[in-house]
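Novice: Build me a structure from this.
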Amino acid sequence: MKSIKKVLVLIAFGLMIFGASGVKAQCAMCTTAVESNNKSGASTTKGLNSGIIYLLAAPYLAVVAVGLIWYKKYRRKNVNIDIPHEKLNLN
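Specialist: Numbering: from 1, shown residues only. The predicted structure follows:
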């Protein structure tokens, strides 16, 4: 049963990797504006690329922050519990 799950996961992963296709994520007006600014030597494209990287990094930083808070709050403490090995009398 585990081998079937592993095969299915590998197939899904392979489809994600090899089935990916390139897309154009900018509208036509944005593309022409960036291309014309780039040809004229303006630094608008650098600012656009920096903005994209900034927007891309924000969700990753949020996930890291939540993970760090979770780790700090719920990590296991080194606590020794000494329980005597005696019979309990509940009468």
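
Novice: Tell me which other helices or strands the worst-scoring helix or strand of the chain on mean pLDDT touches.
Specialist: Least confident element among the helices and strands of the chain, by mean pLDDT, DSSP states H and E: helix 28-40 (a mean of 78). Counting contacts by 3 or more Cβ pairs under 8 Å, 6 or more residues apart in numbering; DSSP states H and E, helix 28-40 packs against helix 44-74. No exception for glycine: its C-beta is placed from N, CA and C like everyone else's.

Novice: Check which residues of the helix it packs on are buried.
Specialist: Residues of helix 44-74 classed as buried: L48 (neighbour count, 16 or more other Cβ atoms under 10 Å).

Novice: what is the rounded mean pLDDT of that helix?
Specialist: For helix 44-74, mean pLDDT is 86.

Novice: what's it packed up against?
Specialist: With contacts defined as 3+ Cβ pairs under 8 Å, 6+ apart, helix 44-74 has these neighbours: helix 28-40.
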